[in-house]
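Engineer: Just to be clear, the model below is a prediction. Sequence and coordinates:
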There are 2 protein chains.
Amino acid sequence: MTSPVRITALGAAPRAFHGQIRDLAVRWALEETHTPFEVHLATDAERASPGYRAMQPFGKVPAFEGDGIVLFESGAIVLHIAETRGLLPREPDARALAKSWLFAAVNSLDPDIIALGDIDHWAPQEPWAIARRPAVESMVRERLALVDARVANAGHLAGDFSAADIMMIMVLRQLRHTRLIEERAALSAWRDRCEARPAFQRALAAQLADLARTSAP
Amino acid sequence: MTSPVRITALGAAPRAFHGQIRDLAVRWALEETHTPFEVHLATDAERASPGYRAMQPFGKVPAFEGDGIVLFESGAIVLHIAETRGLLPREPDARALAKSWLFAAVNSLDPDIIALGDIDHWAPQEPWAIARRPAVESMVRERLALVDARVANAGHLAGDFSAADIMMIMVLRQLRHTRLIEERAALSAWRDRCEARPAFQRALAAQLADLARTSAP
């Protein structure tokens, strides 16, 4: 018998990031596929340790152990779960589209969204951030318009709900301190549909509960 | 018989970006696997057209048509080529590691490297950029140290040369206007080994030739 799936998540984090730390995407994919899993909460000290770095070179979360392999990077983990447990369309065209959108989430949306978060969370009052912010927000808006157009036409990013939606929602949750999603009707309706899924609700509640136990207020 | 592989690349670009536009990763993976392919050079007007946007929603390159599917996002395309044509380790542990590193290239390295490029190429004299640059360079350096440690120990990112090395090299080529790679002996030796591969040299020469025909000086 294969050993159970074990993921590593954060044991503590600033409250602004609760509900958007990347282990949420992995929890969600596992919940969607009814995969039993254990959650290990890593301390900052553990994440800096050579043992953890051997599994996750960047000292980040999530990490995944299961199916006889170890994985890091939420995109790689969600894609693995999707391919092994049916979270991608079966039809080849739609399956390719889902993988393309999954990568688009982490590489065409995330960089600008990270840049906006870096400003808003870490440097909101600094002159460089005040000068830079409008251009970054404008780049984010341009990309959001394209995701909005896609889900307005198709309902989801590729075929039915898939791993692509999970990764895109995960990336877009970093905009919760803004109203950029809410500006767009189709985008926010798609987001609400995805986040209303019982698997997402279970995953979110579990992440929030794990963080509530150990995070400072 | 399956139709041949066709990729879309840029027909013109500012000279600073020649040799680092993302179709290079796809050309490289196809060259490594001796896959015949056609290159279509898209104009700016074509990339803005509804027809192209139906294939590549962001209007970017590369796009991939072949094997009965359409893909966008260089990460998705390189991963597809790797999985179908043997550019990943066969052993499950090393294969998982290669996929993790491929995602790390596009999601743990690329955002900070893009931020540095945005400063250096588009706003080098702006006060916000001058104020912000040291912190961005420092973040890039931290990540590079981890890649350096990996290739110093293992020679490549996962097993032998793989798609992970292709995507990481592609992302790191955006630092060619700096000396950040050259600061690190193992990192630059690995980079040089990878870029000395005949498949890379063919891919690079082809991209440069395609751009030289149409780009302004």
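Structural biologist: Sure, I can see it.
Engineer: quick one: buried residues of the host helix or strand of residue A:136?
Structural biologist: Taking DSSP states H and E as the criterion, residue A:136 maps to helix A:127-154. By 16 or more other Cβ atoms under 10 Å in any protein chain shown, the buried positions in helix A:127-154 come out as A:128-129, A:131-133, A:136-137, A:139-140, A:143-144, A:147-148, A:150-151. Yep, even glycine has a C-beta here, placed from its N, CA and C like the rest.
Engineer: for stretch A:30-38, same thing?
Structural biologist: Residues of stretch A:30-38 classed as buried under the neighbour-count rule (16+ other Cβ under 10 Å) are A:30, A:31, A:32, A:37.
Engineer: Angles on the backbone of the last one, please.
Structural biologist: This points to residue A:37. For residue A:37, the backbone dihedrals (degrees, to the nearest 10) come out as phi -150, psi 150.
Engineer: That one: what's it in contact with?
Structural biologist: Residue A:37 sits next to A:4, A:5, A:6, A:7, A:27, A:30, A:66 when contact means Cβ atoms under 8 Å, 6 or more residues apart in numbering or on different chains.
Engineer: domain ranges for chain A?
Structural biologist: Split into domains by automatic domain parsing, chain A comes to A:5-87+A:199-211, A:92-197.
Engineer: Report pLDDT for the nearest residue to residue A:127 once chain neighbours are set aside.
Structural biologist: Distances taken as Cβ to Cβ, 6 or more residues apart in numbering or on different chains put residue B:131 closest to residue A:127, at 6.7 Å, once the chain neighbours are dropped. On the pLDDT scale, residue B:131 is placed at 96.
Engineer: what helix or strand does the residue positioned nearest the centre of chain A sit in?
Structural biologist: With the centre of chain A defined as its mean C-alpha position, the nearest residue by Cα atoms, centre = their mean is residue A:170, 2.9 Å away. In the assignment (DSSP H and E), residue A:170 maps to helix A:163-172.
Engineer: packing partners for the following helix or strand past that helix?
Structural biologist: Next helix or strand after helix A:163-172 toward the C-terminus (DSSP H and E): helix A:185-195. Under the contact criterion of 3 or more Cβ pairs under 8 Å, 6 or more residues apart in numbering or on different chains; DSSP states H and E, helix A:185-195 touches helix A:127-154, helix A:163-172, helix A:198-214.
Engineer: closest to residue A:53 out of those?
Structural biologist: Smallest distance to residue A:53 across those (Cβ to Cβ): 21.3 Å, for helix A:198-214.
Engineer: pull the CA atoms of the closest one into CSV?
Structural biologist: Presented in CSV, the C-alpha positions along helix A:198-214 are these (Å, rounded to 0.1, in the frame of the first residue of the first chain):
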residue,chain,number,x,y,z
PRO,A,198,-17.5,22.5,-0.9
ALA,A,199,-13.9,21.3,-1.6
PHE,A,200,-12.6,24.9,-1.6
GLN,A,201,-14.6,25.7,1.5
ARG,A,202,-13.1,22.7,3.3
ALA,A,203,-9.6,23.6,2.2
LEU,A,204,-9.9,27.2,3.2
ALA,A,205,-11.4,26.4,6.6
ALA,A,206,-8.6,24.0,7.3
GLN,A,207,-5.9,26.5,6.3
LEU,A,208,-7.4,29.2,8.4
ALA,A,209,-7.8,26.9,11.4
ASP,A,210,-4.2,25.7,11.1
LEU,A,211,-3.0,29.3,11.0
ALA,A,212,-5.3,30.5,13.8
ARG,A,213,-3.7,28.1,16.2
THR,A,214,-0.2,29.5,15.9
